[in-house]
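Asker: Structure, please.
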Amino acid sequence: MTNIGGIDRIARILAGALLLVLTFAGPLAQALFPWGLLGFVPLLTGLIGWCPAYRVFGLKTCSDCS
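Answerer: Modelled structure (predicted):
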């Protein structure tokens, strides 16, 4: 069961990873820490290919989703 397309998945994985890297290793690590942990959300949804918010709103970004 997927509702996230390829480009969307790549963008989510990159954005989530970037937020986590900045949170733990960036120059503003202390200031970004609480918000940077939100990077887990796009990272995980990108990795599994399914977004609960897309499900609620009936959205799909993949062309071959069931």
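Asker: ok, now how distant is the residue of the chain positioned farthest from its centre from Phe40?
Answerer: The C-alpha centroid of the chain is most remote from Pro27, which lies 22.1 Å away (C-alpha atoms, centre = their mean). Taking C-beta to C-beta, to the nearest Å as the measure, Pro27 falls 21 Å from Phe40. The way it works is simple: take the backbone N, C-alpha and C, and place the C-beta from them, glycine included.
Asker: and what of Cys65?
Answerer: For Cys65 relative to Phe40 (C-beta to C-beta), the value is 24 Å.
Asker: for Leu18, same thing?
Answerer: 12 Å.
Asker: Other residues contacting the longest helix that the chain contains?
Answerer: Secondary structure assigned by DSSP state H gives helix 6-25 as the longest helix of the chain. The contact list for helix 6-25, computed with C-beta atoms under 8 Å, 6 or more residues apart in numbering, reads 4, 28-29, 32-33, 35-47, 49, 61-62.
Asker: Check those residues for burial and list the buried ones.
Answerer: Those of the contacts of helix 6-25 that meet the buried threshold are 4, 32, 36, 39, 41-43, 45-46, 49, 61-62, by 16 or more other C-beta atoms under 10 Å.
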